[in-house]
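Chemist: Here's a sequence, model it:
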Amino acid sequence: MYRVAFNAIRRLRLPRPVMTAAAALTLVFSPIVHIDQAHANSKYAAYVIDVKSGKVLFSRHANAPRYPASLTKMMTLYMVFDRLESGKLKLSTPLKVSKYASGRPPSKLGLRPGSTISVRNAIYALVTKSANDVASVVAENIGGSESKFGKMMTMEARAIGMKRTTFRNASGLPNRSQKTTAADMALLGRALQDRFPGYYKYFSTRSFKYGKRRFGNHNRLLGHVKGVDGIKTGYTRASGFNLVTNVKARNRHIVAVVMGGRTGRSRDAHMRKLIKTYLPKAKTGARRTALVVAPPNRYIKLASTIRLPKAKLEPVGLPMVTAYQAPRDIKSITPAPIDLVAMPQTRPATQKARITTASLAVPPLPRPANDAIGDLSTHQPPIPLAAPKQATPSGWQIQLGATRTLDLANNLLAKARARNEKLLVARVNHTETVEKGDLTLYRARFAGFESKTAARNTCAILKKQKFACLALNP
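Modeler: Numbering: from 1, shown residues only. Below you'll find the predicted structure:
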């Protein structure tokens, strides 16, 4: 890099001592020393985000398509954690090994067809050994086939907000259609922590014993860089060397991504440099950003004890406001930019009846039931911990927007509640289904405000946090 700087300055025809000093200063004040993978490397991308403030601290080709390789297993584990939380799986559940899964290329545990592996051991094998045969076992046991599981993974990615990511398999083995970005992988790293704070701890596993063999974690920064607690490495010839890292140190928290490293060593060196340079620039103190995906909380438990009256049907108009960019439901493998749909403030004569539901429950993740991505009939969505029960709440309400699915509406409410738990502690999550022709929208509301003033004051606070908000007369 010194030679590059010197040659560039030499064109200015300055005296040699001046040129030498100028080149040296260029190196000293360069924000970060770029190592080999950042030069003339079409696979390279990097991204660093301050989790507490949401500020992007470093970005290079962060939204350019890249191959995820074994970073894919982060989403595979996300799917496993979701089913553990919903009760569809237990850590002791045996997963059957098919001939197809057994035949996956390395890295692998060497599972035999007809054998089983527990969910617990599958998690450890994915985190440490990055076993491709285990990834396929998980895919087939959850999705019925690896291709269907890939579609399910893509839907989850869209629900989280990973708009530029498409999954085709559970392992990250080469597939030209399996793409992601550095920014999307950072988002997934944050979502794993926000959604599954308990299960996320598996990513800090240093080694794993299976049978008579012990497998070490491929992440060489674990235990060697202060504050690093995971999360995943990846490599294929097409992707280069990838790494997503989570760092918590000195009351600061960042997630960093490096993709396309020429070697594992150069990738790790670049990651160390990013951490050293940008962790000190991250904010201290309390987190100021909303959770990427809100975990189940005490509202879900509370909702299961509440009996609500049956729904009422009544003609109604369509007052509506939207602005907040919540993750949309996937309509195809290719992402589309539209998230929320604005509705006119009119009362069409053809308006159908509305169906209202109210609940304190927050479903764990969006799962479209009928999606153009394909037939997922073998995948039975997990039963929500507290299914919404029908009711028409009284009192003033506030509306945050409208979405194309009920799950996305609930996710929008969950984000607002996660950021304003004390403010909304006495308010009820409330959704309204509005149908007009072939269009179905779901209004995301909080109900239970005792006065117009209370509703408007809450809206004022939410608007400062970039939520759309409208106070509605009962």
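
Chemist: Now name the helix or strand holding Met79.
Modeler: Per DSSP states H and E: Met79 is located in helix 72-86.

Chemist: I misspoke; the intended subject was Arg214.
Modeler: In the assignment (DSSP H and E), Arg214 maps to strand 213-216.

Chemist: What of Gly234?
Modeler: Going by DSSP H and E, Gly234 is part of strand 228-236.

Chemist: Which other helices and strands does that strand contact?
Modeler: helix 72-86, strand 240-249, helix 264-278 (3 or more C-beta pairs under 8 Å, 6 or more residues apart in numbering; DSSP states H and E). For the C-beta atoms, the positions are set from N, CA and C on the backbone; glycine is no exception.

Chemist: can you do 10 Å?
Modeler: helix 72-86, helix 119-127, helix 182-195, strand 240-249, strand 252-261, helix 264-278 (3 or more C-beta pairs under 10 Å, 6 or more residues apart in numbering; DSSP states H and E).

Chemist: Quick one: mean pLDDT over that strand.
Modeler: In this model, strand 228-236 has a mean pLDDT of 95.

Chemist: Pull up the pairing partners for it, direction included.
Modeler: The strands beside strand 228-236 in its sheet (DSSP bridges) come out as strand 240-249 (antiparallel).

Chemist: First residue to last residue on stretch 223-242, what's the distance there?
Modeler: End-to-end distance for stretch 223-242, by C-alpha to C-alpha, to the nearest Å: 19 Å.

Chemist: how far is that stretch from where the chain is centred?
Modeler: Centroid separation between stretch 223-242 and its chain, computed with C-alpha atoms, centre = their mean, to the nearest Å, is 18 Å.

Chemist: Check stretch 192-209 too.
Modeler: Counting by C-alpha atoms, centre = their mean, stretch 192-209 comes out at 15 Å from the chain centroid.

Chemist: that older thread, who does the helix holding Met79 touch, helix- and strand-wise?
Modeler: helix 119-127, helix 132-143, helix 146-160, helix 182-195, strand 228-236.

Chemist: Restricting to C-alpha, output the third one in PDB.
Modeler: Only the C-alpha atoms of helix 146-160 are listed here, as PDB (Å, rounded to 0.1, in the frame of the first residue of the first chain):
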ATOM      1  CA  GLU A 146     -33.800 -30.000   1.800                       C
ATOM      2  CA  SER A 147     -35.300 -28.000  -1.100                       C
ATOM      3  CA  LYS A 148     -38.500 -27.300   0.800                       C
ATOM      4  CA  PHE A 149     -36.500 -26.400   3.900                       C
ATOM      5  CA  GLY A 150     -34.500 -23.900   1.800                       C
ATOM      6  CA  LYS A 151     -37.800 -22.300   0.900                       C
ATOM      7  CA  MET A 152     -38.800 -22.200   4.500                       C
ATOM      8  CA  MET A 153     -35.400 -20.600   5.400                       C
ATOM      9  CA  THR A 154     -36.000 -17.900   2.700                       C
ATOM     10  CA  MET A 155     -39.400 -17.100   4.100                       C
ATOM     11  CA  GLU A 156     -37.800 -16.700   7.600                       C
ATOM     12  CA  ALA A 157     -35.100 -14.500   6.100                       C
ATOM     13  CA  ARG A 158     -37.700 -12.200   4.500                       C
ATOM     14  CA  ALA A 159     -39.600 -12.000   7.800                       C
ATOM     15  CA  ILE A 160     -36.500 -10.900   9.600                       C
END
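
Chemist: so it versus helix 72-86, what angle?
Modeler: Here helix 146-160 runs at an angle of 80 degrees relative to helix 72-86 (axes from the mean of the first three to the mean of the last three C-alpha atoms, to 10 degrees).

Chemist: what's the angle from the strand holding Gly234 to helix 119-127?
Modeler: Angle between the axes of strand 228-236 and helix 119-127 is 70 degrees (criterion: the same axes, to 10 degrees).

Chemist: Using CSV, write out every CA atom in strand 228-236.
Modeler: Written as CSV, here are the backbone C-alpha positions of strand 228-236 (Å, rounded to 0.1, in the frame of the first residue of the first chain):
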residue,chain,number,x,y,z
VAL,A,228,-15.9,-12.4,20.9
ASP,A,229,-18.6,-14.9,21.6
GLY,A,230,-19.3,-16.4,18.1
ILE,A,231,-20.8,-16.8,15.8
LYS,A,232,-20.0,-18.6,12.4
THR,A,233,-17.4,-19.2,9.8
GLY,A,234,-17.9,-20.4,6.2
TYR,A,235,-15.9,-21.3,3.1
THR,A,236,-16.4,-22.6,-0.4
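
Chemist: How about it, which residues are buried there?
Modeler: For strand 228-236, the neighbour count (16 or more other C-beta atoms under 10 Å) marks 228-236 as buried.

Chemist: again, but for stretch 247-264
Modeler: Neighbour counts over stretch 247-264 (16+ other C-beta under 10 Å) mark 247-249, 252-262, 264 as buried.

Chemist: I'd like the distance between the residue nearest to Asn242 when sequence neighbours are not counted and Pro68.
Modeler: In space, and not counting its chain neighbours, Asn242 is closest to Gly234: 3.9 Å by C-beta to C-beta, 6 or more residues apart in numbering. Distance of Gly234 to Pro68, computed by C-beta to C-beta, to the nearest Å: 6 Å.

Chemist: Spit out the residues that contact those two alike.
Modeler: Common neighbours of Gly234 and Pro68 are listed as 74, 172, 185, 242, 244, 259 (criterion: C-beta atoms under 10 Å, 6 or more residues apart in numbering).

Chemist: Rebuild those residues as a markdown table, extending it with distance to Arg206 and pLDDT.
Modeler: Converted to a markdown table, the shared contacts of Gly234 and Pro68 look like this (distance: C-beta to C-beta, whole Å; pLDDT from 0 to 100):
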| residue | distance to Arg206 | pLDDT |
| --- | --- | --- |
| Met74 | 18 | 98 |
| Gly172 | 22 | 98 |
| Met185 | 22 | 98 |
| Asn242 | 20 | 98 |
| Val244 | 17 | 98 |
| Met259 | 24 | 98 |
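
Chemist: any chance of the residues you listed in CSV, plus distance to Pro280?
Modeler: Shown next, in CSV, are these (distance: C-beta to C-beta, whole Å):
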residue, distance to Pro280
Met74, 26
Gly172, 32
Met185, 23
Asn242, 25
Val244, 20
Met259, 23
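
Chemist: out of these, which are buried?
Modeler: For the shared contacts of Gly234 and Pro68, a neighbour count by 16+ other C-beta under 10 Å gives the buried set as 74, 172, 185, 242, 244, 259.

Chemist: Quick check: the last one touching Leu71?
Modeler: Pointing back at Met259 there. Yes - using C-beta atoms under 10 Å, Met259 is in contact with Leu71, at 8.1 Å.
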